[in-house]
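Q: Following is a predicted model, sequence given first.
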Amino acid sequence: MKKVMKIAGISFLIVIVLLTVAFGFYWYRNIHWYDKYEKALKKAGVQEKQVTLESGKVINYGEVANDKPALLLIHGQMSIWEDYALVLSELSKNWHIYAVDVYGHGESSHDESLYYLDVNGDDLIWFIDHVIGGSTVVSGHSNGAITAAYIAAYGGGKILPAWFWKIRRYSLQKEKAGKTALRIWMHINRSMSTMPPTNLSVGKPIISDIAIGDNCL
C-alpha cells in the first residue's frame, strides 16, 4: 500500500511540475509575444509616422525610407501595420515601404463613418499623391487586397500594378453595388489574366521577389 501511495505521490508531483512548466511557457509567450516584432522593426529601421488630412482624419503608418521604388502595404481586417514587421527588412532591399493602418485599426482615425471601401480607398489615393508623391506599387492582404484593387482601379497614373494576397472577392458583395464594385472586379480579373492564379499571389508583378516566404503579403 505504501509503495502504491509513493508511486501516486511521485506521479502527482510530476504532473504538477509539467503543468507548471507548461503554464510558465504559456505565460512567457503571452507576455513577450511582441518582442520579435519589435526586434524586426528595429532591424528594418522603421519609423512610425502620422499624416492628417484637411478633414482632420489621421492616417498612421510605418515607413522604411530609402531610394527604392515605393511600395504601399495594406493589412487585412483586425490587423495593424506592424503585422508586416517580420518581412519589412527583406522587403526594404527592393522597396521604399509605406505600411498603413486603415481606418478603425491601430493609430489611424477610429470613426464608424470611415469604415467603407471608398473612404479608405480615396484617402489612401490622397496618401499616395501627398505623402509618397510618386509611382507606387500597392499590395493588400485579405480585406486590404480589396482596398488595393480599388486604389489600382481609381488611383490614376501613379498606381503601378497591384498585388493581391488572399483577396476576399466575396466581400465585394458587401460594398455598395454599381460601377465601383464592377470596376474593381474588372481590374482584378484583368490582373489575373496576366498571371496564373496561385495560393501565393494574384496580380501583375513588378519585381517577383516581392513575395517573400509563406506569410509575406
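A: Yes, it's here. Residues are numbered from 1 along each chain as shown.
Q: from here on, contacts and neighbour counts on C-alpha atoms
A: Will do.
Q: Would you mind listing the buried residues in stretch 111-125?
A: Judged by neighbour count (16 or more other CA atoms under 10 Å), stretch 111-125 contains these buried residues: 114, 117, 118, 120, 121, 122, 123, 124, 125.
Q: quick one: which of those residues sit in helices?
A: Among the buried residues of stretch 111-125, the members found in helices (DSSP state H) are 117, 118, 120, 121, 122, 123, 124, 125.
Q: Helices along the chain, start to end?
A: Counting by DSSP H, the chain has helices at residues 2-32, 35-44, 85-91, 117-127, 143-154, 179-192.
Q: Worst mean pLDDT among the ones you listed?
A: With a mean of 47, helix 179-192 has the lowest mean pLDDT of these.
Q: Quick check, residue 143 in contact with residue 102.
A: No - using CA atoms under 8 Å, residue 143 makes no contact with residue 102, being 10.3 Å away.
Q: Give me the common contacts of these two.
A: residue 75 (CA atoms under 8 Å, 6 or more residues apart in numbering).
Q: CA-only coordinates of stretch 132-150 in PDB, if you can.
A: Only the C-alpha atoms of stretch 132-150 are listed here, as PDB (Å, rounded to 0.1, in the frame of the first residue of the first chain):
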ATOM      1  CA  ILE A 132       4.500  59.200 -51.300                       C
ATOM      2  CA  GLY A 133       4.300  61.600 -54.200                       C
ATOM      3  CA  GLY A 134       5.300  59.300 -57.000                       C
ATOM      4  CA  SER A 135       4.600  56.000 -58.700                       C
ATOM      5  CA  THR A 136       3.600  53.300 -56.200                       C
ATOM      6  CA  VAL A 137       3.100  49.600 -56.200                       C
ATOM      7  CA  VAL A 138       0.100  48.700 -54.000                       C
ATOM      8  CA  SER A 139      -0.200  45.400 -52.100                       C
ATOM      9  CA  GLY A 140      -3.000  44.300 -49.900                       C
ATOM     10  CA  HIS A 141      -3.900  41.300 -47.700                       C
ATOM     11  CA  SER A 142      -7.500  40.000 -47.400                       C
ATOM     12  CA  ASN A 143      -9.800  43.000 -47.000                       C
ATOM     13  CA  GLY A 144      -6.700  45.100 -47.700                       C
ATOM     14  CA  ALA A 145      -6.500  43.500 -51.100                       C
ATOM     15  CA  ILE A 146      -9.900  44.800 -51.900                       C
ATOM     16  CA  THR A 147      -8.700  48.300 -51.000                       C
ATOM     17  CA  ALA A 148      -5.600  47.800 -53.100                       C
ATOM     18  CA  ALA A 149      -7.800  46.800 -56.000                       C
ATOM     19  CA  TYR A 150      -9.900  50.000 -55.500                       C
END
